[in-house]
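> build me a structure from this.
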Amino acid sequence: MARRPRHVLALLPAAALALTALAGCATSTNSGGGTTDGGIKLVKEGKLVTCTHLSYKPFQFTEGDKTVGFDVDLVDLIAKDLGVTQEIFDTQFETITSGASFNANQCDLAAAGMTIKEERKQAIDFSDPYFEATQALLVKKDSPIKALADLKGKKIGVQQDTTGEIYANDNKAANGYEVIQFEDLPLMETAVRTGAVDAAINDNGVLLDYAKEFPDTVVSAEFNTNEQYGIGIKKGNTALAEKVNAVLKKAKEDGTYDTIYEKWFGKKPEKK
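Below you'll find the model as predicted:
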């Protein structure tokens, strides 16, 4: 997901809400920190607090009174290995990528369908890549739009602070469309269905999932941008980074990763 000057149609409340992934209860991360048996320091006793920006289905979203998703299940593996439980802290995406959430001790790590980018590495550290993504174009099912060139004189929606926004802006002059920025993914997706924008661009995983849920929309094109997601970690927290990488590596080796992937995407990941 990258943030630019706003002409947002609607905004979610800016205040971050803490939600427990397992119990679904609102909570705060301001209590005293803790340390695992392995000596890894955490911002909250008995918890592995994960910063994210809801909703980004199927990676993290609210279902009933719980936060669920692909990223949530992966971080649960890390929490289990540490002997703690995961807690979700919902915050604005730019507070994650800027490192502000980590500096304020709001969370231990961040899992938010977040692309590893060199500029983000200046503010936070990343785990090894755990997911490959490309950009995709969401349109109404009966739309003739099959490529960016078809959007000349039209409007394309982007989510603030995402690689989709960067891609759309990089190609704007060549294709002659207007970029409309949204605060979050659901607002952007809904704008396609209501006709507020003619198309929207974001990661293929979330848009394919949306088109499956709302068959009046379709992904009409994908753009190979060679993106990889990583779990964000506070700059310099090498002990936690090593633990995260070890757990991810084990999950991929023993088939747990494939099981979680198939649960949320309906198929096993392609092997390379």
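> in the stretch 151-272 of the chain, where is pLDDT below threshold?
272 (pLDDT under 70).
> helices along that one, start to end?
Assignment of helices within the stretch 151-272 of the chain using DSSP state H, counting those that start in this stretch yields the ranges 163-170, 172-175, 185-194, 204-213, 238-254, 256-265.
> the shortest one packs against which elements?
Applying 3 or more Cβ pairs under 8 Å, 6 or more residues apart in numbering; DSSP states H and E, we find helix 172-175 packed against no helix or strand. For every residue, glycine as well, the C-beta is placed using N, CA and C.
> repeat that for the third one.
Using 3+ Cβ pairs under 8 Å, 6+ apart as the contact criterion, the neighbours of helix 185-194 among helices and strands are strand 131-140, strand 155-159, strand 178-182, strand 199-203, helix 204-213, strand 217-229.
> angle of it against strand 217-229?
Taking axes from the mean of the first three to the mean of the last three Cα atoms, to 10 degrees, helix 185-194 and strand 217-229 form an angle of 150 degrees between their directions.
> which residues touch helix 185-194?
With Cβ atoms under 8 Å, 6 or more residues apart in numbering as the contact definition, helix 185-194 has outside contacts at 8-10, 55-57, 138-140, 157-159, 180, 182, 196-200, 202, 206-207, 210, 214, 216-217.
> pull up the gap between Ser98 and Glu87, please.
Distance check for Ser98 against Glu87: by Cβ to Cβ, to the nearest Å, it reads 21 Å.
> same drill for these two, tell me which one is more crowded.
Neighbours of Ser98 and Glu87, each counted by other Cβ atoms under 10 Å, are more numerous for Glu87; the result is 26 against 17.
> my guess is that one contacts Lys47. True?
Yes. Contact criterion Cβ atoms under 8 Å: Glu87 and Lys47 qualify, at 4.6 Å.
> residue ranges of the strands in the stretch 1-150 of the chain, please?
For the stretch 1-150 of the chain, the strands defined by DSSP state E, counting those that start in this stretch cover 17-19, 26-27, 34-35, 41-42, 47-52, 61-63, 66-68, 85-90, 109-110, 124-126, 131-140.
> so which of those is the most surrounded?
Compared across the strands of the stretch 1-150 of the chain, strand 109-110 shows the largest average neighbour count, a mean of 29 (mean count of other Cβ atoms under 10 Å).
> would you give the sheet partners of it, along with the direction of each?
Here strand 109-110 is paired, per DSSP bridges, with strand 47-52 (parallel), strand 232-234 (antiparallel).
> can I see the domain layout of the chain?
Domain assignment of the chain by the TED database yields the ranges 40-130+230-265, 133-227.
> any idea how far the last one is from the chain center?
Relative to its parent chain, domain 133-227 has a centroid offset of 16 Å by Cα atoms, centre = their mean, to the nearest Å.
> the longest one too?
Here domain 40-130+230-265 is found 10 Å from its chain centre; the criterion is Cα atoms, centre = their mean.
> between its first and last residues, how far does that domain reach?
Terminal residues of domain 40-130+230-265 are spaced 32 Å apart (Cα to Cα, to the nearest Å).
> and Asn175, how far from Gly255?
Using Cβ to Cβ, Asn175 is found at 43 Å from Gly255.
> contacts made by stretch 254-272 with the rest, please.
With contacts defined as Cβ under 8 Å, 6+ apart, stretch 254-272 is touched by 58-59, 69-70, 73-74, 77, 130, 205, 209, 248, 250-252.
> now list the buried members of those residues.
The neighbour-count test (16 or more other Cβ atoms under 10 Å) applied to these identifies 58-59, 69-70, 73-74, 77, 130, 205, 209, 248, 251 as buried.
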